[in-house]
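sharing a sequence plus its predicted fold:
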Amino acid sequence: MSTSTTTRRRGVLGTSALRPDGLPKVQGRFAFSSDAWADNMLWGATLRSPHPHARIVSIDTSGALAINGVSAVITADDVPGQLTYGLISNDQPVFARDVVRFAGEPVAAVAADHPETARRALAAITVVYEVLPALTRAEEALDTGTTPIHPDGNVIRRQRIVRGDQSFAGDVVVEGTYDIGMQDQAFLGLEAALALPDDDGSGVELFVATQWLHEDQKQIAACLGLPLDKVRLTLGGVGGAFGGREDISLQVHCCLLALATGRPIKMQYGREESFFGHIHRHPATIWMRHHADRDGTLRRVEARVLMDGGAYASTSSAVLINAVTHVQGPYRCENATVDGYAVRTNNPPCGAMRGFGVVQACFAHESQMDKLAAACGLDPVTIRLKNAMRTGDRLITGQVVESVAPVERCIRETAALPLPPELSEHPDALQLPGGSGRTARRNNVTRGIGWGVSIKNLMYSEGFDDYATARCRLANGVATLQFATAEVGQGFVVLAQQIARSVLGVDTVLLEPISTAIGSAGSTSASRQTWMSGGAVDGACRLVRERLFEQVAREHHIDPLRLTIDGIDVIDSAGDLRVSVEDASRGLVIDETFEHHHRATEELDENGQGNCHVAFAFVAHRAVVDVDTELGLVKVVQIATAQDVGRVLNPLAALGQVEGGIAQGLGLAVMEEIVLVDGKMRNPSFTDYLLPTALDAPEVVVSMIEEPEPQAPLGAKGIGEPPCISVTPAIVAAIRAATGKDLARVPVRPQDIVFG
Amino acid sequence: MSGENAGNEFFRLTVNGIDHDVRDAWVGESLLYVLRERLGLPGTKGACEQGECGSCTVLMDGEAVCACLVMAASAVDSEIVTVEGLSTDGEPTDVQNTFVAAGGVQCGFCTPGLIVAVHHLLDRTPNPTDLEIREAISGNICRCTGYGRIFEAVRLARDARLAGG
Ligand code: FES
Ligand code: FES
């Protein structure tokens, strides 16, 4: 029977439906991958190179094997399949064999009965290294005289963009060189996995925190030398990702140890090892020269982008493409000359992090827009409005922006959001820059306001078909969904339920475990899962609904096209028939699977021309900061933002993405940087790598701009990345406004403000 | 357990009102490790093991402490309460409910530690100001939410308690 109509709209699209994993998480019942446990399991641990570049002369594992409680020690010699892996090219060894290329590179792994035994076993392995000179400066990697540190060479990718008049010189020209530091994803839930070998040793099952189960499966199986179906993955609870779980970390090691010992293996990194075990945001040096008419109309952008990919390629080539194709920002510009390089060094490998190349480009182009505004005698808002991109404009790649492009509206709505009150004459110490250390003095505090606006591509680019699969089963009024979409914290699990409720008129939506038992969902990255996996769940539910309608139509001798869902009922739009979905589906099992593909894209040609991206989203940020100019301390007071989201599917979840992204952008602006000295990390801990705390969080005021995107299955654009992109330059612009300093690098450090 | 690591002694911990015997523990094991790996209480999380992130917050005789910094063997005479023990009947507490309702949970890894820290705050300071809330949870790092919905969750729990809810 149908339930009361008062509850029928609960949990559908557009409502702040509550996530199904919320209660288990607050009660400590939710199983993260680090909580996985099996009878008889052993602990795995990894030995890593202390040198950024060295030849391995010998490895002696006998000392470790002699320790009571140690079951296995493995090295490169024990890898039965492919010796290397990688997301785009297979250039990263499972274990270093002849040479180590970064400090932290895995050399061996052990399995033991206690984490402490494992640690002692690692210490008992003797590796003799011949230390080699380390290539740690990206610029040097470009030098043709530099010896390649890898058989694939030192240049991972070069891409030029050449468009329009190559000799155009503007009336007004501004230029600058900008540096972006190496940021860490710093997800809270450390890397962890549990591998269970099959009884006959022919395969393995892995519970792991990852962003893309099927890509992991492919890379693991190749290294194990096993067919795909012998490596089965289930998502262990994921404690955040932000790009840092796209690459393989401990997956292959854990499976190898399980197969070597025939026992379940648990591996988990500590915080320090996590800094070594996953890739980071690319440090970049970006030179730009902007040409404009006297009235501020942008005419030409010249740029040189140099990204340090570290020792292995990871996704560097795709990150570079994102950076070079976004140098113009969300502004019209017909002439461009861009040269971009991603290079290999002996620094830690870099790859995906929220914003994926666009963060770096945006810091440079927004700094330039402010310079241009000053040179033209305009304010930061006017120059951005004047050049704001619109739907139908052509990018410097020649691609036409077909997406909804409400750039002007993003800027105007942000500007209309209220400013915070002035800092009081007698503020609480916690409100001052520097916080409760009470070091800042009210009289030295100056306020500044700055702007940042950005464009971000959505989904994968350059011809990649990153499709998503979902399955829906309807029986007795209950829908069950299955997908391999990695839930990393973003809330896809609740969105999937909302979609099923809206399309099918059901209340109860069950979720199957997230695993490789169904087709790929693609990666939880590139702001793509709402669009892609959301589209797949929507498609599967619609197929089920069609079959339900056919069934009802047959029974009642009417045309199925007349049927529609109203609340929790199937109704005849041209008659009186009303039957609850529960009744209509009683005794039936309707089971459908759907794959959602986005439209095809193409690779860039040698001049950087081509329709390489699927779609775009836009956002504006206004930052208000208080700066103690004497001590160089910054307090971010408020961030105002208007974001182009297409359509808000879950207001609470959307707000959480916006606030969370802003905090990460704030981190890059004033706090977060992995400091490298001669290729070695100096601060791989939460004591020395500073993350925003509750005292650093600014007030955030938000306006969601809802102009449904016709291309998107649900009208909604991805919202994960844009919040963290232009907030960083907005904060830095605000600090410049407060201090008058140039500040051409992020993060901005106290010494940059005081002595810069 | 390998010979050199094995402790011959056993000790007893009182966790969530129940006495647990801990046998064969290596003497260097932290309270965090023992709770998670020996007592079957994985609700308490570890994300830094250096006292910086607050994921491992538990109550020890009513004080909020980082379980990663406490040697398990030194906690023998204390009443320990973990996220699993904040309510005895399996029903969520007021704070647990407001965290879900306000959207304070994304990946949820920081959540158990925050829930314990917020209980500790509201039990001692029934009417905290916004600044006091920020300060009280500034030892708990959350990488996902940017804290906005967490502040809201704490305010909701505070207001409901003040209203006698
Ligand atoms: S794990 Fe104890 S404070 Fe981070
Ligand atoms: S919800 Fe992920 S760290 Fe807080």
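Okay, I see it. Ligands and ions are numbered 1, 2, ... in the order given.

point out where chain B drops to low pLDDT.
B:1-9, B:165 (pLDDT under 70).

helices of that one, residue ranges please.
In chain B, the segments counted as helices under DSSP state H are B:31-33, B:94-101, B:111-124, B:130-136, B:148-162.

tell me which of the ones you listed lies nearest to ligand 2.
helix B:111-124 (6.0 Å; Cβ to the nearest ligand atom). Glycine gets a C-beta too; all of them are placed from N, C-alpha and C.

before we move on, the earlier item: dump the helices of chain B into TSV; add mean neighbour count and distance to chain A as well.
Below are the helices of chain B laid out as TSV (neighbours: other Cβ atoms under 10 Å in any protein chain shown; distance: least, Cβ to the nearest Cβ, whole Å):
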stretch	mean neighbour count	distance to chain A
helix B:31-33	24	8
helix B:94-101	23	4
helix B:111-124	24	5
helix B:130-136	18	5
helix B:148-162	20	4
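
among those helices, which is nearest residue A:445?
Residue A:445 sits nearest to helix B:130-136 of all the helices of chain B, at 17.0 Å, using Cβ to Cβ.

got the contact list for the closest residue to residue A:635 other than its chain neighbours?
If the residues on either side of it in the chain are set aside, residue A:635 comes closest to residue A:433, at 4.1 Å by Cβ to Cβ, 6 or more residues apart in numbering or on different chains. Each residue near residue A:433 by Cβ atoms under 8 Å, 6 or more residues apart in numbering or on different chains is listed here: A:440, A:445, A:626, A:627, A:628, A:631, A:633, A:634, A:635.

state the distance from residue A:433 to residue A:24.
As judged by Cβ to Cβ, to the nearest Å, residue A:433 and residue A:24 stand 39 Å apart.

near ligand 1, which residues of chain B are found?
B:46, B:47, B:48, B:49, B:51, B:52, B:53, B:54, B:55, B:56, B:66, B:68 (Cβ under 6 Å from any ligand atom).

number of residues surrounding the first one?
Looking back up the chat, that one is residue B:46. 26 (other Cβ atoms under 10 Å in any protein chain shown).

I figured it hits residue B:55, correct?
Yes. With contacts counted by Cβ atoms under 8 Å, residue B:46 reaches residue B:55, the gap being 6.1 Å.

picking up where we left off before, among the residues of chain B next to ligand 1, name the ones in strands.
Mapping these onto strands (DSSP state E) picks out residue B:66.

residue A:193 - how many residues pack around it?
Residue A:193: 27 neighbours (other Cβ under 10 Å).

how about it: which residues does it bridge to?
Residue A:193 forms beta bridges with residue A:208, residue A:267, as assigned by DSSP bridges.

for it, give its distance to residue A:216.
Taken as Cβ to Cβ, the span from residue A:193 to residue A:216 is 10 Å.

overlap of the contact sets of those two?
A:206, A:208, A:251.

could I get these as JSON lines with distance to residue A:459, neighbour count and pLDDT?
Formatted as JSON lines, these follow (distance: Cβ to Cβ, whole Å; neighbours: other Cβ atoms under 10 Å in any protein chain shown; pLDDT from 0 to 100):
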{"residue": "A:206", "distance to residue A:459": "27", "neighbour count": "27", "pLDDT": "98"}
{"residue": "A:208", "distance to residue A:459": "24", "neighbour count": "28", "pLDDT": "98"}
{"residue": "A:251", "distance to residue A:459": "24", "neighbour count": "25", "pLDDT": "98"}
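
where along the stretch 451-600 of chain A do the helices fall?
Ranges of helices within the stretch 451-600 of chain A are A:492-504, A:529-556, A:581-584, based on DSSP state H, counting those that start in this stretch.
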